[in-house]
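Visitor: Quick one, fold the following:
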Amino acid sequence: MTEDQSNQLESILKQQDKLVKMWLEYWKDYSTWETWQFWAIVFMLIIPLIIVIFAIDKSKAFHIGFYGFNIHTWFTYSDAIAMRTSYVTYPFQAIPIMPVNFALDASLVPVAFMLLYQWCLNRNKNVFFYGVILSGIFSFIVKPLLVSVDIIQLNKGMNYFYLFLNYLLILVLSIIITKLFKYLRKKRKTFLHSNAH
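Guide: Coordinates of the predicted model:
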């Protein structure tokens with residue numbers, strides 16, 4: 001690493017430390033348990049996780065959980081990019097040092113998509129078709145509601161249609177990756193079964 005690179009990196013890290021301190025101060029002033037928004041976010045985090053524990057089909061828990069983890073991972077990545085570039089802001093947080101809305105990315109959205117995925121598997125329905133409907137519900141009903149109560153802010157031209165496209169991209173990626181891993185698992189079982197004879 002050159003001296004210039006090292007100096008620039010050190011400068012960025014100092015600014016990052018300042019930003020973290022500023023976010024913590026902001027959280028203490030405006031976003032603690034004394035606000036109803038804090039509790040709304042906590043409930044968005046806890047309630048879906050409790051529901052999924054009781055509602056998940058235990059015989060397909062690994063498969064459905066893998067799909068849900070895909071949804072969670074891609075949403076966390078896209079949310080982190082949107083936050084870092086200031087296209088999306090969360091004025092209220094349950095966990096102040098998280099760069100994303102943890103309740104949405106780790107609980108509400110993945111659990112909703114997991115339960116829909118389970119419903120589609122158990123009834124032989126088209127996951128993509130119903131996923132598009134759920135994406136529309138989140139993009140054009142849930143997100144506008146969260147914007148109206150200042151839990152989310154959209155900036156720099158970000159709008160609900162762009163959010164919808166993001167949901168669709170994540171839906172497609174999660175379905176493809178889940179199907180790929182399911183195929184690889186089936187292929188491995190077939191390979192092991194054929195070698196056993």
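Visitor: C-alpha from now on. contacts and neighbour counts both.
Guide: OK.
Visitor: which parts of the helix or strand hosting Leu145 are buried?
Guide: Leu145 is located in helix 143-148, with elements delineated by DSSP states H and E. For helix 143-148, a neighbour-count test (16 or more other Cα atoms under 10 Å) marks Lys143, Pro144 as buried.
Visitor: I'd like the next helix or strand past it.
Guide: That would be, after helix 143-148 and using DSSP H and E, strand 153-154.
Visitor: what lines up beside that next one in the sheet?
Guide: strand 88-89 (antiparallel) (DSSP bridges).
Visitor: average pLDDT for the strand it pairs with?
Guide: Averaged over strand 88-89, pLDDT sits at 93.
Visitor: Just the residues contacting whichever helix or strand comes after it, thanks.
Guide: Per DSSP H and E, the first helix or strand lying C-terminal to strand 88-89 is helix 102-103. Residues outside helix 102-103 that contact it (Cα atoms under 8 Å, 6 or more residues apart in numbering): Ile41, Val42, Met44, Leu45, Ile46, Ala94, Ile95.
Visitor: next one: stretch 39-56
Guide: 33, 93-94, 102-104, 106-108, 111-112, 115, 118.
Visitor: Try it again at 7 Å.
Guide: Trp33, Ala94, Ala103, Leu104, Ser107, Leu108, Val111 (Cα atoms under 7 Å, 6 or more residues apart in numbering).
Visitor: For the residue nearest the centre of the chain, give me its contacts.
Guide: Nearest residue to the geometric centre of the chain (Cα atoms, centre = their mean): Asp105, 2.6 Å. Asp105 is in contact with His72, Phe75, Thr76, counting by Cα under 7 Å, 6+ apart.
Visitor: Can you tell me how far it is from Asp29?
Guide: Asp105 sits 24 Å away from Asp29, going by Cα to Cα, to the nearest Å.
Visitor: Any chance you could give me the helix holding Leu145 in PDB, C-alpha atoms only?
Guide: What follows is helix 143-148, C-alpha atoms only, in PDB (Å, rounded to 0.1, in the frame of the first residue of the first chain):
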ATOM      1  CA  LYS A 143     -43.500   1.100   1.800                       C
ATOM      2  CA  PRO A 144     -45.800   4.100   1.100                       C
ATOM      3  CA  LEU A 145     -47.400   3.500   4.600                       C
ATOM      4  CA  LEU A 146     -43.900   3.400   6.200                       C
ATOM      5  CA  VAL A 147     -42.900   6.600   4.300                       C
ATOM      6  CA  SER A 148     -46.100   8.400   5.500                       C
END
